[in-house]
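Trainee: With the input below, show me the fold.
(chains A and B)
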Amino acid sequence: MDISFKRDRNTLVVLIEGEIDHHTSKDARDRIDSKFIMEPVKNIIIDLSKVSFMDSSGIGLITGRLKKASSIGGTLAIKKPSKEVLRILKMSKIDSMIELDA
Amino acid sequence: MQPINKVKVEFLSKSSNEAFARVVAASFVAQADPSIEVLADIRTAVSEAVTNSIIHGYDEKEGIITMACTLYPELVEITIEDSGKGIEDIEKAKEPLYTSKPELERSGMGFTVMETFMDTLIIESSPGTGTRIVMTKQLGNG
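Mentor: Take a look at the predicted model:
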């Protein structure tokens, strides 16, 4: 899995490439959290357009980052999930808590 | 029903084997030429079952996970088995959003995903002896 970051004013944009499962989500969590602390941001956008596989570990990853952003008054949004990824997101009802740009 | 083909693999309960297991299962089922959607469902369900064995069955310590796939003319049966600590309350474990490990940011959606993505799901478990998951999926090729 590859993760890259860019900052758009007070928003951290996270581009994840590859597969999100229990194995890869631990590393993703650590990397996103340390970047979120270091940068002057309060919102997170996670771009899933290059995620080829995601299981329920991805839901944990996203809700965990939502809590981080909410704790400092920020928001979290998801961009461009594939059809399969969107199915998992909707199953967890997470789409009612976050902005989802499919 | 006579099986067309079978495969059985054993692997260590390492998280790097989650990808291995789902790729093996999907590659095996691919010989029946199912749709991409069916293969994606199988990959996801296998990933959930193997992850459960690693995190809950073995508490992320070393153990052996066995995965068996049996292909029938119209369906595949996938069994994932561990000799870990087992599940005390299966009904509770199946509840959507319930997790015994919130500190690991687990979503509690594992069994819900397996139930939704597969056609049948049987959970056999007893504390101290391990857990056996049997799932089937119609291949839609008949």
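
Trainee: from here on, contacts and neighbour counts on C-alpha atoms
Mentor: Will do.

Trainee: where along the chain do the helices fall?
Mentor: Picking chain A for this. Assigned by DSSP state H, chain A shows helices spanning A:22-38, A:57-71, A:83-91.

Trainee: nope, chain B please
Mentor: Assigned by DSSP H, chain B shows helices spanning B:17-30, B:36-52, B:90-94, B:110-117.

Trainee: so what does the last one touch, helix or strand wise?
Mentor: In other words, helix B:110-117. helix B:36-52, helix B:90-94 (3 or more CA pairs under 8 Å, 6 or more residues apart in numbering or on different chains; DSSP states H and E).

Trainee: can we see that at 7 Å?
Mentor: Counting contacts by 3 or more CA pairs under 7 Å, 6 or more residues apart in numbering or on different chains; DSSP states H and E, helix B:110-117 packs against helix B:36-52.

Trainee: partner residues bridging residue B:79?
Mentor: residue B:68, residue B:134 (DSSP bridges).

Trainee: The helix-or-strand element of chain B with minimal mean pLDDT: how far from the chain's middle?
Mentor: Lowest by mean pLDDT, DSSP states H and E among the helices and strands of chain B is helix B:90-94, with a mean of 90. Relative to its chain's centre, helix B:90-94 lies at 15 Å (CA atoms, centre = their mean, to the nearest Å).

Trainee: buried set for that helix?
Mentor: B:93, B:94 (16 or more other CA atoms under 10 Å in any protein chain shown).

Trainee: ok, residue A:80 to chain B distance?
Mentor: Per CA to the nearest CA, to the nearest Å, residue A:80 is found 18 Å from chain B.

Trainee: Isn't that residue up against residue A:48?
Mentor: Yes. Applying CA atoms under 7 Å as the test, residue A:80 and residue A:48 come out as touching, 5.6 Å apart.

Trainee: Which one of these two is surrounded by more residues?
Mentor: residue A:48 (23 against 16; other CA atoms under 10 Å in any protein chain shown).

Trainee: on that earlier part again, now for the helices of chain A, which one comes closest to residue A:12?
Mentor: helix A:22-38 (7.0 Å; CA to CA).

Trainee: mind listing what's buried in the closest one?
Mentor: A:22, A:23, A:24, A:25, A:28, A:29, A:32, A:36.

Trainee: Then stretch B:69-81?
Mentor: B:69, B:70, B:71, B:72, B:75, B:76, B:77, B:78, B:79, B:80, B:81.

Trainee: which residue sits closest to the most centrally placed residue in chain B, ignoring its sequence neighbours?
Mentor: Residue closest to the average C-alpha location in chain B (CA atoms, centre = their mean): residue B:49, at 3.2 Å. Closest residue in space to residue B:49, ignoring its immediate chain neighbours: residue B:80 at 6.8 Å, by CA to CA, 6 or more residues apart in numbering or on different chains.

Trainee: which ones are touching residue 55?
Mentor: Going with chain A. Counting by CA atoms under 7 Å, 6 or more residues apart in numbering or on different chains, residue A:55 touches A:20, A:21, B:44, B:47, B:48.

Trainee: Serialize those residues to CSV and add fields for neighbour count and distance to residue A:61.
Mentor: Formatted as CSV, the contacts of residue A:55 follow (neighbours: other CA atoms under 10 Å in any protein chain shown; distance: CA to CA, whole Å):
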residue, neighbour count, distance to residue A:61
A:20, 25, 9
A:21, 26, 9
B:44, 25, 16
B:47, 27, 16
B:48, 25, 15
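
Trainee: Much appreciated, bye for now.
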